[in-house]
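*Asks:* pasting the structure only:
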Ligand SMILES: [Ca+2]
């Protein structure tokens with residue numbers, strides 16, 4: 001363990017793969033992901049927290065770069081949520097939601113825990129960032 005040249009350190013990678021997403025995020029110090037079973041934020045296709053929904057998690061200073069893809073960054077299968085979100089429930093943290101990928105473009109501004117209808121950002125959200 002103390003010798004960085006020891007190949008045994010690679011075994012730790014197998015251990016991380018066996019953890020659920022939330023635990024893995026905690027261990028690595030920051031991973032953002034969709035479809036977790038205890039989401040920080042839930043995005044809904046329809047107003048009033050209705051319609052199809054997708055959960056997102058991130059630690060502070062991290063976010064989902066592209067909700068149009070299952071890995072949140074442009075990989076995996078395509079989700080049907082890009083530019084389709086109309087309401088949001090924030091359960092933990094303060095978040096900012098953006099029109100474009102990688103936390104760019106028009107934004108909601110900073111939103112804390114609560115429920116929101118999106119107004120000018122209706123059917124525009126592509127990325128989200130946890131600011132606190
Ligand atoms: Ca967009």
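*Replies:* Yes, it's here. Everything quoted here is computed from the prediction, not taken from an experiment. Numbering: from 1, shown residues only.
*Asks:* Give the burial count for the residue of the chain found nearest the ion, as a bare number.
*Replies:* Distance from the ion to each residue of the chain (Cβ to the ion) is smallest for residue 126, at 3.7 Å. Glycine gets a C-beta too; all of them are placed from N, C-alpha and C. For residue 126, the neighbour count with other Cβ atoms under 10 Å is 22.
*Asks:* Residue 67 is in contact with that one, correct?
*Replies:* Yes: judged on Cβ atoms under 8 Å, residue 126 makes contact with residue 67 at a distance of 6.2 Å.
*Asks:* can you list residues touching both of these two?
*Replies:* Listed contacts common to residue 126 and residue 67 are residue 82; contacts here mean Cβ atoms under 8 Å, 6 or more residues apart in numbering.
*Asks:* can you count the residues close to residue 110?
*Replies:* Residue 110: 12 surrounding residues under other Cβ under 10 Å.
*Asks:* Next: residue 81.
*Replies:* Neighbours of residue 81 under the rule other Cβ under 10 Å: 22.
*Asks:* One more: residue 41?
*Replies:* Applying other Cβ under 10 Å, we find 23 residues neighbouring residue 41.
*Asks:* Look up the residues forming beta bridges with the closest residue to it other than its chain neighbours.
*Replies:* Nearest residue to residue 41 in three dimensions, chain neighbours excluded: residue 56, at 4.7 Å (Cβ to Cβ, 6 or more residues apart in numbering). On the basis of DSSP bridges, residue 56 is bridged to residue 34, residue 41.
*Asks:* and residue 56, how many neighbours does it have?
*Replies:* Going by other Cβ under 10 Å, the residues that sit close to residue 56 add up to 24.
*Asks:* Next one: it, what pLDDT does it get?
*Replies:* According to the prediction, residue 56 has pLDDT 98.
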